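> output the structure for:
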Amino acid sequence: MSNAYKEAGVNLEAGYESVERIKKHVMSTMRFGAMNLFGDFGGAFDLSELGYQKPVLVSGTDGVGTKLKLAFELDIHDTIGIDAVAMCVNDILTQGAEPLFFLDYIACGANNPAQIEAIVAGVAEGCRQSNATLLGGETAEMPGFYQDGEYDIAGFAVGVVEKDKRITKENVKVGDVVIGLPSSGVHSNGFSLVRHIIKNHGLSLSETYEGFDRPLGEVLLTPTMLYVRPVLDLLKAVNVHAMVHITGGGFYENVPRALPEGLGAEFVKGSWTMPAIFPFMQNTANIPEEEMYSVFNMGIGFMLIVDKGDVDTVLAHNSEAQIIGKVTDSGEITFK
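Down below sits the predicted model:
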């Protein structure tokens, strides 16, 4: 075989090795309805096997952003895939959708089979936690486009919900209670600011700072929390009016997306446990509190808006759930 393509920067043998390495991870995500995971040009899923009467498909796509830069620096790649899955399935979960399958896209400068395997192993872990099949994907080797050892990853999730059970914001009303589910840390948004703080204040990713039990880099690479299983379980017991995935834009941008026009929400500061990473960054860089809540999740990764009569049921179903606020008629996001 000619070496011309390899000399141009594309290593076909490495690509074949990567495929062999990831097969066991992909196969570990098989769920009912998934069909022929390898060998075809497209992935197939038999929706008729699931027994939905009036199924509505819900889709979402996202990436991991500049959190990847920390993974490159630390040479830790097995958590990034979990982030990619979580960013997508948590989004479609807000409509009450059960994730069915996930597709990934990895672009790299040079195909490193061990690195690709680590990334896909993380994707598979996120899929297993979400009961979603890794139905397909693409690894694009693009020499000259990415620096050595660097890559990008994006994902696409599809879920399903019964048409009459799809959750929208139409039932949200003044007096409804906002219940928060804790985040695992920064998740996958705001890392341009995180990296700016690290650079400008001389922080070390390998140092364990006061208030932490592991190096800063490991704290920041903690994977995004997956809320699929606990929330889907909760939906069987409670009529949830709306849900919020706190991503880029923090409280100020994401909460209004779950509120009818004219309504707002008031949050009670101190009503939830905030991971140490947030006050650490705020105090290190002297960032105004309002900006923190405009960028980060501040310890709340997912919110449920419910009637006040259903609060006890929610709290009984999830020991980590906390009452953090209420819906108001202010039309604004406020704190007290």
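> CA only for contacts and neighbour counts going forward, please
Noted.
> can you tell me the SS state at residue 118?
helix (DSSP: H, G, I helix; E, B strand; the rest coil).
> tell me who's in contact with it.
Counting by Cα atoms under 8 Å, 6 or more residues apart in numbering, residue 118 touches 77-78.
> against residue 40, how distant is it?
Separation of residue 118 from residue 40 (Cα to Cα, to the nearest Å) stands at 23 Å.
> same thing with residue 288?
For residue 288, the distance to residue 40 - Cα to Cα - is 52 Å.
> repeat for residue 103
For residue 103 relative to residue 40 (Cα to Cα), the value is 14 Å.
> repeat for residue 8
Taking Cα to Cα, one finds residue 8 at 28 Å from residue 40.
> distance between the worst-scoring helix or strand of the chain on mean pLDDT and the chain's centre?
Lowest mean confidence among the helices and strands of the chain (mean pLDDT, DSSP states H and E): helix 4-7, at a mean of 84. How far helix 4-7 lies from its chain's middle: 37 Å, per Cα atoms, centre = their mean, to the nearest Å.
> give me the pLDDT value at residue 2.
On pLDDT, residue 2 comes in at 60.
> mind listing the strands for this protein?
Per DSSP state E, the chain carries strands over the ranges 34-35, 44-45, 55-63, 98-108, 133-141, 151-162, 177-182, 242-245, 264-267, 300-306, 322-328, 333-335.
> which among these is found nearest to residue 215?
strand 177-182 (21.3 Å; Cα to Cα).
> what does the least confident helix or strand of the chain rub up against?
11-12.
> any idea how the protein splits into domains?
Here the domain assignment for the chain is 4-165, 177-335, based on automatic domain parsing.
> sorry, back to before: and residue 103 and residue 40? which has more neighbours close in?
Just comparing residue 103 and residue 40: by other Cα atoms under 10 Å the higher neighbour count belongs to residue 103, 19 against 9.
> where does this protein dip in pLDDT?
The chain contains residues with pLDDT under 70 at 1-2, 37.
> where do the helices sit along it?
Using DSSP state H, the helices of the chain run over 4-7, 12-27, 67-74, 80-93, 113-130, 191-200, 216-220, 228-235, 250-254, 277-285, 289-295, 311-317.
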